[in-house]
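K.L.:
have a look at this prediction, sequence included:
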Amino acid sequence: MAEVEFTWALDGYCARYGFLAQPEGLTMREAARVFQLDPQPPEAGTLNDYITAALRERNLDYFSFFLHHYETRLNGRVRRFLMRKGLERYDPERFLDYKMGCVLAMLDCLPGYDPMKEADFLTYAHYFIGNALLECRRQEEAGSFQSLDEYKAARGIAWLYNNSGKSTKDVIAEYANHQNCTEMTAAEYLALAQCNRSRVPFYQTVQDEEGEETGEDVSRDDSWNYADILWNSIRAKAVREAFEKLDYREQTLLEKRNAVCMTCGRVSPLSTRMSFEDLAVQFEGSTASGAERAYRRAVEHLACLLTEAGVIHMVRLKRKSQTRRKQKIAAAIYLYQVDNDGEWGEISFDFERGTAEVTALVGWDTSRTHRFANLAIQELLNCNNKALPKETWLVKEL
């Protein structure tokens, strides 16, 4: 017996809020109200009544009525997924993409919903909506994962690895036992997660106060590198603009070393990135160490451009003096500068005691938090004494 098709006409209804088509593009106000109808849809006892009517009459007009009333809650779920640990930004188009992904997921699962089982449609669709959000996120991660199941598995073992504090071997064994898979499969998922982490941030699946899945950073550290900032979608536009200001040599070094293509957006496995020896061959007359220095200068130049664009803060450190005892640096005075503004502050370090004192603040720092000075202090006190730099620079994300 052929399945009866749904109709979807919405005769007599139109969008209450149209798109203004402004030169600056879509606004968040527009993206948040795309399913509002005019005139007001007929009232129903509950949201689920619209769904049961849609199934009974095979008419998706009732699904539109459902969306009219559910849109505010759907907006909240999408925002909670996006706006955690650095994902918050004003991007109406991205927000609408995720939102439409959720709506398509609800449409896909609608025919399989059985009201006779006495479960609300939203309860039934919760899992499908969560998968839709994850699928949108997976698609943003430059095709690193072959399927949603693989992506969810990598997220799961990444969460366990980051939160358990156990060794890699123990994490693999625990995950394999819990998921009833082989340790080889678990190791592959962990390797995939670790490989991908240097290009795009991983987000653990946590439950908020309403039981919704949210995105939360589970990276093991907050160290900065070019590829991480490049493919963090929050900063992609600013990075592209900064990248275009680099010269050809700098662009090539950054792309080849980080296995990325700024033209098409492809991120290749890190195993395919070029070594400094290969880069030296590409730029004739250079050595491996020369190629490495050129690469680091290119990264620094990109960081300076991103600082000018207001994407990151940059802290420069320069050693002013030092005192040695037993072939180690016992104490030192470092100058520090924020965002290349020309003003230098000063920090006195006692490496034997593991202490530091800010003797002169820069204008960017506050007298109460010393946030940039503390960043420099943390970096140098945790540094191997033999590797204390004469000059270096650090990045603090906004």
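P.N.:
Looks like it arrived, so ask away. Residues are numbered from 1 along each chain as shown.
K.L.:
so who does the residue nearest to residue 121 when sequence neighbours are not counted touch?
P.N.:
Spatial nearest neighbour of residue 121, excluding adjacent residues (CB to CB, 6 or more residues apart in numbering): residue 51 at 4.2 Å. Any C-beta I mention is one placed from the backbone N, CA and C, and that applies to glycine too. Residues in contact with residue 51, defined by CB atoms under 8 Å, 6 or more residues apart in numbering, are 62-63, 66, 110, 113, 115, 121.
K.L.:
one more: residue 348?
P.N.:
Residue 348 sits in contact with 331-333, 356-357, 359, where contact means CB under 8 Å, 6+ apart.
K.L.:
selecting buried members of these in PyMOL, what would you type?
P.N.:
Those of the contacts of residue 348 that count as buried under 16 or more other CB atoms under 10 Å are selected in PyMOL with:
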select buried, resi 331+332+356
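K.L.:
what's the helix or strand for the closest residue to residue 371 other than its chain neighbours?
P.N.:
In this structure, residue 371 finds its nearest non-sequential neighbour in residue 365, 6.6 Å apart by CB to CB, 6+ apart. Assigned by DSSP states H and E, residue 365 belongs to neither a helix nor a strand.
K.L.:
how near is residue 343 to residue 360?
P.N.:
According to CB to CB, to the nearest Å, residue 343 stands 10 Å off from residue 360.
K.L.:
same thing with residue 31?
P.N.:
From residue 31 to residue 360 the distance is 47 Å (CB to CB).
K.L.:
quick one, which of these two is more surrounded?
P.N.:
Using other CB atoms under 10 Å, the more surrounded residue of residue 31 and residue 360 is residue 31, with 21 against 14.
K.L.:
surely that one is in contact with residue 98?
P.N.:
No - judged on CB atoms under 8 Å, residue 31 makes no contact with residue 98 at a distance of 9.9 Å.
K.L.:
low-scoring stretches of the stretch 201-350 of the chain, by residue?
P.N.:
201-236, 264-265, 284-285 (pLDDT under 70).
K.L.:
strands of that one, start to end?
P.N.:
Using DSSP state E, counting those that start in this stretch, the strands of the stretch 201-350 of the chain run over residues 203-207, 213-217, 312-325, 328-338, 344-350.
K.L.:
can you show me the helices along this protein?
P.N.:
28-31, 47-57, 61-82, 92-109, 121-140, 148-164, 168-179, 183-197, 226-231, 236-244, 248-258, 276-282, 288-308, 371-381 (DSSP state H).
K.L.:
what are the buried residues along the fourth one?
P.N.:
When you say that, I think you mean helix 92-109. Here helix 92-109 shows 94-96, 98-99, 101-103, 105-106, 109 as buried, counting by 16+ other CB under 10 Å.
K.L.:
packing partners for that helix?
P.N.:
In terms of contacts (3 or more CB pairs under 8 Å, 6 or more residues apart in numbering; DSSP states H and E), helix 92-109 is packed against helix 28-31, helix 61-82, helix 121-140.
K.L.:
can you add mean pLDDT and distance to residue 280 and give those helices back as CSV?
P.N.:
Converted to CSV, the helices and strands packed on helix 92-109 look like this (pLDDT from 0 to 100; distance: least, CB to CB, whole Å):
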stretch, mean pLDDT, distance to residue 280
helix 28-31, 87, 48
helix 61-82, 92, 42
helix 121-140, 86, 34
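K.L.:
save the ones you listed as CSV, and put in distance to residue 388 too.
P.N.:
Shown next, in CSV, are the helices and strands packed on helix 92-109 (distance: least, CB to CB, whole Å):
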stretch, distance to residue 388
helix 28-31, 47
helix 61-82, 40
helix 121-140, 39
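K.L.:
before we move on, back to that, just give the number of residues close to the residue nearest to residue 371.
P.N.:
20.
K.L.:
would you mind writing the CA trace of stretch 358-366 as CSV?
P.N.:
The C-alpha trace of stretch 358-366 is given here as CSV (Å, rounded to 0.1, in the frame of the first residue of the first chain):
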residue,chain,number,x,y,z
VAL,A,358,54.8,43.2,39.2
THR,A,359,56.9,46.4,39.6
ALA,A,360,55.4,48.4,36.8
LEU,A,361,52.1,47.9,35.1
VAL,A,362,51.3,48.7,31.5
GLY,A,363,48.2,50.8,30.7
TRP,A,364,46.2,47.7,29.5
ASP,A,365,46.6,46.0,32.8
THR,A,366,44.4,46.8,35.8
